[in-house]
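# generate coordinates for the sequence data below:
(one chain, ligands or ions: 1)
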Amino acid sequence: MWTQHDNEIRRTVEAPDFLTAIRIVDEIAVEAERLNHHPDIDIRWRKLHLVLTTHDAGGLTDLDYRLAEIIDGIAAKHGA
Ligand SMILES: C[C@H](O)[C@H](O)[C@H]1CNC2=NC(N)=NC(=O)C2=N1
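Predicted coordinates for the structure are as follows:
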């Protein structure tokens, strides 16, 4: 589900509808704050384009993979 492009990993999450996509974003936001690690999120109707990288490190770190797994769980819970 995640693909690596140079120093980042990317995934698209397709939610059943727009409101569910926004609920997914909200849950991701809570986890991002908890980890102090934040994804780039491009919201396009019910598709979320997510990008993870560690800006402070100029590339991928364990935090990116941890947050990616958390995002996968949130998406799956919402049928995305
Ligand atoms: C000051 C604050 O802790 C840092 O800027 C955090 C915030 N969230 C972050 N998110 C991501 N993706 N990469 C970072 O390097 C990062 N750094």
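
# residue 42 reaches residue 48, doesn't it?
Yes - under the criterion of Cβ atoms under 8 Å, residue 42 makes contact with residue 48 at 7.2 Å. (Each C-beta comes from the backbone N, C-alpha and C, glycine too.)

# the more surrounded of these two?
residue 48 (23 against 12; other Cβ atoms under 10 Å).

# can you pull the contacts of the more buried one?
Applying Cβ atoms under 8 Å, 6 or more residues apart in numbering to residue 48 gives the contacts 12, 13, 14, 15, 21, 24, 25, 41, 42, 80.

# mind checking which of the residues you listed are in helices?
Cross-referencing these against helices under DSSP state H gives 21, 24, 25.

# next, format those residues as TSV and append pLDDT.
Putting those into TSV (pLDDT from 0 to 100) gives the following:
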residue	pLDDT
21	98
24	98
25	98
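
# which one of those residues is nearest to residue 76?
residue 24 (10.4 Å; Cβ to Cβ).

# among the contacts of residue 48, find me the one that's closest to the ligand.
Comparing the contacts of residue 48 against the ligand with Cβ to the nearest ligand atom places residue 41 closest, at 11.1 Å.

# quick one: the residue nearest the centre of the chain from residue 37, how far?
With distances taken as Cα atoms, centre = their mean, residue 50 lies nearest the centre of the chain, 4.6 Å away. The gap separating residue 50 from residue 37 is 12 Å, by Cβ to Cβ, to the nearest Å.

# now swap in residue 77 and tell me
Note on residue 77: its distance to residue 37, by Cβ to Cβ, is 20 Å.
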